[in-house]
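**Student:** let me see the structure of the following:
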Amino acid sequence: KLYLCDMNSTTKYAYKSLKFNDLDGNELTFRLKAVTEGYYLYFNCQHLMVELGSEARCFFDYLCERMKSDTNEVIIDSKFKQEFIVQINRITSTKVNPSINSLNKYVSQFKDLGLIIPTTNTRRGYYSVNPKYAYKGTKKDRLILMGNMIKDRIRNKESLRALIDKPEQELGINYDGIGIK
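**Tutor:** Below is the predicted model:
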């Protein structure tokens, strides 16, 4: 049987009872616990991931865990960064203790690499994890989100650099009235 349980946290788990025989033939039961949620990391980002150190990569994974599943949005403010520090300290028994300055540098690096994109909402700290590289929802919804993000950025005359593989001019986008259907 497979059981879903929330465990009073935002992470969802599944439990599966497994029966097997040990080397002496005794029947044993084991309760397997597994996280039931995650995100897709797409192959076209390996050239970016290789540029991240282990601490930065861990922080990126944390962003992906915490992003909204329908929009990939995440608010990277001081509270968010402090929550990450507490989490990483807890799971590493304080062997890894990133500073706020390090996390700020990682955010800048993620932006420069196109792994995160400032949202069209002009408020500081509001980002979308680039769905070109990572997404929590379905593959179909990912394509819809990418299309909507491109349309919003064109409407707001913002760069498409991280979302498309060509310069806007090659697509005929001049930000002087061209729209996309």
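**Student:** measure E37 to C45 for me?
**Tutor:** Applying Cβ to Cβ, to the nearest Å, the value for E37 to C45 is 20 Å. C-beta here means a position set from N, CA and C on the backbone, and glycine is covered the same way.
**Student:** more neighbours: these two, which one.
**Tutor:** Neighbour count, other Cβ atoms under 10 Å: between E37 and C45, C45 has more, with 17 against 12.
**Student:** do I have it right that the more buried one meets L115?
**Tutor:** Yes - counting by Cβ atoms under 8 Å, L115 is a contact partner of C45 at 7.3 Å.
**Student:** pull the longest helix from the chain.
**Tutor:** Looking across the chain with DSSP state H, the single longest helix is helix 139-155.
**Student:** what comes up buried for that helix?
**Tutor:** R142, L145, M146, M149, I150, R153, I154 (16 or more other Cβ atoms under 10 Å).
**Student:** which one of those is nearest to L23?
**Tutor:** Of all these, L23 sits closest to R142, with 46.5 Å by Cβ to Cβ.
**Student:** check contacts around the closest one.
**Tutor:** Each residue near R142 by Cβ atoms under 8 Å, 6 or more residues apart in numbering is listed here: Y40, P131, Y135.
**Student:** and those residues as a markdown table, adding neighbour count?
**Tutor:** Listed next are those as a markdown table, based on neighbours: other Cβ atoms under 10 Å:
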| residue | neighbour count |
| --- | --- |
| Y40 | 14 |
| P131 | 24 |
| Y135 | 24 |
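**Student:** out of those, which is nearest to N72?
**Tutor:** Lowest distance from N72 to the contacts of R142 (Cβ to Cβ) belongs to P131, with 5.2 Å.
**Student:** all helices for the chain, in order.
**Tutor:** 46-49, 54-66, 78-91, 100-113, 139-155.
**Student:** same list, those, but as CSV with mean pLDDT and distance to N21 please.
**Tutor:** CSV is the format used below for the helices of the chain (pLDDT from 0 to 100; distance: least, Cβ to Cβ, whole Å):
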stretch, mean pLDDT, distance to N21
helix 46-49, 92, 42
helix 54-66, 96, 37
helix 78-91, 96, 34
helix 100-113, 97, 48
helix 139-155, 92, 40
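**Student:** JSON lines for those helices, including distance to Y126?
**Tutor:** Listed next are these as JSON lines, based on distance: least, Cβ to Cβ, whole Å:
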{"stretch": "helix 46-49", "distance to Y126": "21"}
{"stretch": "helix 54-66", "distance to Y126": "13"}
{"stretch": "helix 78-91", "distance to Y126": "11"}
{"stretch": "helix 100-113", "distance to Y126": "12"}
{"stretch": "helix 139-155", "distance to Y126": "13"}
